[in-house]
Every structure is written in C-alpha cells, then in structure tokens.
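J.: Dropping the sequence and predicted coords here.
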Amino acid sequence: MKMTLHVDDALLDRVMSSTGVTNKTKAIDLALREMDRRTELMRLTNEGLGMKAAELREVFDPAYDLDKARAAEKPAKPVTYGRKSRTRR
C-alpha cells in the first residue's frame, strides 16, 4: 500500500542506523512489526496464559537470541511495493 507519511527524519535515521536497514520503507516495516510483536507480548503477559509464575519461568529459554530470531523473520526475497513494471514494445 502506498501512502504519504510525516515522519521525524532524525528518528527515522536513528532507526535505520541502529537496525542496519537500507531504506525508509524497510525501517518503517521493521518498526511496525516490532510494535506489533511487543503489543502481542504484553497481551500474553497480561493474560498469563493461565500459568503460574513457576510454570512461566520453566517455559522461558535463557539461551533465546532475539537478534537471531529477528534475522530469521526477514523474508528471503525483499518485499516490493507498487506496480509491476511493464515491458515496452
């Protein structure tokens, strides 16, 4: 979906530099996905999954690597937006 946004340039630059993304679209996509992930985690935390604190501690994997998980979420082929190019005859 194509849209016009008013985004704080300094904030966008910081996000791009700290995450290593190479363009603004990827930076905004990453930020939206991260916000969605955090919201879902908060919802799950508040619900508690019906588990007791001791059960939740047993579920947590201390070796979990968030950076590796994020890298695995990246699609193999870059996402493209907009119209497909037409061949000229």
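T.: Looks like it arrived, so ask away.
J.: Just the pLDDT for the residue nearest the centre of the chain.
T.: The centroid of the chain falls nearest to residue 33 when counting by CA atoms, centre = their mean (3.1 Å). Looking at residue 33, its pLDDT is 92.
J.: which non-adjacent residue is nearest it?
T.: residue 73 (7.6 Å; CB to CB, 6 or more residues apart in numbering). Heads up, the C-betas are built off the backbone N, CA and C, glycines and all.
J.: For that neighbour, the count of nearby residues, please.
T.: 10 (other CB atoms under 10 Å).
J.: Show me the helices in this protein, by range?
T.: Here the chain has its helices, by DSSP state H, at 9-19, 24-47, 53-59, 66-73.
J.: The shortest one: how far from the chain's middle?
T.: Computed by CA atoms, centre = their mean, to the nearest Å, the separation of helix 53-59 from the middle of its chain amounts to 26 Å.
J.: Sort out which residues of that helix are buried, please.
T.: By 16 or more other CB atoms under 10 Å, helix 53-59 has no buried positions at all.
J.: Now that helix - C-alpha only, CSV.
T.: Output of helix 53-59 as CSV, limited to C-alpha atoms (Å, rounded to 0.1, in the frame of the first residue of the first chain):
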residue,chain,number,x,y,z
ALA,A,53,4.7,-17.9,37.8
ALA,A,54,6.8,-21.1,38.4
GLU,A,55,5.4,-22.6,35.2
LEU,A,56,6.2,-19.5,33.2
ARG,A,57,9.8,-19.5,34.4
GLU,A,58,10.2,-23.0,33.2
VAL,A,59,9.0,-22.1,29.7
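J.: please begin residue numbering at 226 from this point
T.: In the new numbering, first residue 226, that becomes helix 278-284.
J.: and that helix, average pLDDT?
T.: So the average pLDDT for helix 278-284 ends up being 75.
J.: what's the closest of the helices of the chain to residue 312?
T.: helix 249-272 (24.6 Å; CB to CB).
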